[in-house]
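S.K.: Curious how this folds, go ahead:
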Amino acid sequence: MYAKPNPQDAYRQQGILTANPVELIVMLYDGCIKQLKLGCLALDDKNYEKSNVSFQKAQRIIMELITSLDFRYELAHDLMRLYEFMLEQIVEGNLKKEKAPVLGTMELLEELRGAWAQVSKSGAASVAVAE
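M.R.: As a prediction, this is how the structure comes out:
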C-alpha cells in the first residue's frame, strides 16, 4: 500500500527547487531557528533525547550554511566565525542541558535571517554565497 503524497511536502519541495541562493539561505535559517525552538521546548519538558535530536539537526543546518560560503568575499570569513561560535553554543547547551547558549544563538540567527531576507527582497546579488 502506498502512502498518499503530502501536499505540504510537495509545496515545500517546489519552493526549494525554485528558490534562488539567497532564498535558500533564508530557508536554512528558518529551519535552524525552528529546530532550536523545538530543542528548547524539549529541554523544558526534560525530554533530553528529543532536544538532542533537534539540536543535532540545527548543527547540521549550520554546517550546510558553512558549506554555502564563498570565501572570495570577506563577509564569508566573518560569517564562518559566527557559525563556528553558534555551533559551539548549541553543543554547550545540548551537553549542559541549558537553554541560555541556545537562546543567544537563536537571537543571532534571527538577526542574520532578517538581513538575508532584506537582501532577497532587494534582489541584490548573493554576496558570500556559492552559486
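
S.K.: so residue 117 makes contact with residue 26?
M.R.: Yes: counting by Cβ atoms under 8 Å, residue 117 touches residue 26, with 5.3 Å between them. Heads up, the C-betas are built off the backbone N, CA and C, glycines and all.

S.K.: Between the two, point out the one with more neighbours.
M.R.: In terms of neighbours (other Cβ atoms under 10 Å), residue 26 is the more surrounded of residue 117 and residue 26; the figures are 21 against 16.

S.K.: Convert the C-alpha atoms of the host helix or strand of that one to PDB, please.
M.R.: Using DSSP states H and E, residue 26 maps to helix 21-44. Output of helix 21-44 as PDB, limited to C-alpha atoms (Å, rounded to 0.1, in the frame of the first residue of the first chain):
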ATOM      1  CA  PRO A  21      20.600  31.000  -3.400                       C
ATOM      2  CA  VAL A  22      19.700  33.800  -1.100                       C
ATOM      3  CA  GLU A  23      16.200  32.500  -0.500                       C
ATOM      4  CA  LEU A  24      17.700  29.100   0.200                       C
ATOM      5  CA  ILE A  25      19.900  30.700   2.900                       C
ATOM      6  CA  VAL A  26      16.800  32.200   4.500                       C
ATOM      7  CA  MET A  27      15.100  28.800   4.400                       C
ATOM      8  CA  LEU A  28      18.100  27.300   6.200                       C
ATOM      9  CA  TYR A  29      17.900  30.000   8.900                       C
ATOM     10  CA  ASP A  30      14.200  29.300   9.300                       C
ATOM     11  CA  GLY A  31      14.900  25.600   9.700                       C
ATOM     12  CA  CYS A  32      17.700  26.100  12.200                       C
ATOM     13  CA  ILE A  33      15.600  28.500  14.300                       C
ATOM     14  CA  LYS A  34      12.700  26.100  14.300                       C
ATOM     15  CA  GLN A  35      15.000  23.200  15.400                       C
ATOM     16  CA  LEU A  36      16.500  25.300  18.200                       C
ATOM     17  CA  LYS A  37      13.000  26.300  19.400                       C
ATOM     18  CA  LEU A  38      11.900  22.700  19.400                       C
ATOM     19  CA  GLY A  39      15.100  21.700  21.300                       C
ATOM     20  CA  CYS A  40      14.400  24.300  23.900                       C
ATOM     21  CA  LEU A  41      10.800  23.200  24.300                       C
ATOM     22  CA  ALA A  42      12.100  19.600  24.700                       C
ATOM     23  CA  LEU A  43      14.500  20.800  27.400                       C
ATOM     24  CA  ASP A  44      11.700  22.500  29.300                       C
END
